[in-house]
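# Give me a 3D structure for the following:
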Amino acid sequence: QVQLVESGRGLVQAGGSLRLSCAASGRTFSSYAMGWFRQAPGKEREFVAAISWRGYTTYYADSVKGRFTISRDNAKNTVYLQMNSLKPEDTALYYCAASKAVTTIRNDYDYWGQGTQVTVSS
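Here you go, the predicted model:
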């Protein structure tokens with residue numbers, strides 16, 4: 001069992017930066033791949049970024065590639081999402097999730113956090 005808690009919510013202007021954190025409970029955190037998803041009002045939850053359990057493999061959605069960076073610190077049971085050059089279209093509720101294998105597929109993730117709000121003003 002893995003419990004996930006996101007933090008780092010905020011309101012930023014377009015072009016600004018924000019870092020989200022996701023703290024995991026449980027001794028098996030380092031054996032899980034981790035992902036970030038987001039959901040804007042009226043839209044489906046979409047993949048943002050994922051990282052393998054050792055951090056050697058990362059995936060990004062095309063819409064965030066070059067602007068967002070996912071990383072993890074297994075000693076701290078935490079995964080991060082550094083978001084730079086933010087755009088108004090990045091506004092959404094951001095979720096972290098855990099999966100047995102690194103993947104971009106939402107349904108492959110077994111555990112989810114409650115989400116943290118990111119709002120980007122123009």
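# From here on, just use CA atoms for contacts and neighbour counts.
OK.
# ranges for the strands of this structure?
For the chain, the strands defined by DSSP state E occupy 4-7, 10-13, 18-24, 33-39, 46-51, 58-60, 68-73, 78-83, 92-99, 111-112, 116-121.
# To what extent is the nearest residue to Ser121 once chain neighbours are set aside buried, counted in neighbours?
Distances taken as C-alpha to C-alpha, 6 or more residues apart in numbering put Gln13 closest to Ser121, at 4.8 Å, once the chain neighbours are dropped. As a burial measure, Gln13 scores 14 neighbours (other C-alpha atoms under 10 Å).
# separation between the residue most central in space within the chain and Ile70?
Centroid check for the chain by C-alpha atoms, centre = their mean gives Trp36 as the closest residue, at 2.5 Å. Separation of Trp36 from Ile70 (C-alpha to C-alpha, to the nearest Å): 8 Å.
# The nearest residue to the residue nearest to the centre of the chain once chain neighbours are set aside: how many residues sit nearby?
The shortest distance from Trp36 to any residue other than its chain neighbours is 4.5 Å, reached at Cys96 (C-alpha to C-alpha, 6+ apart). Each residue near Cys96 was counted by other C-alpha under 10 Å, and the total is 30.
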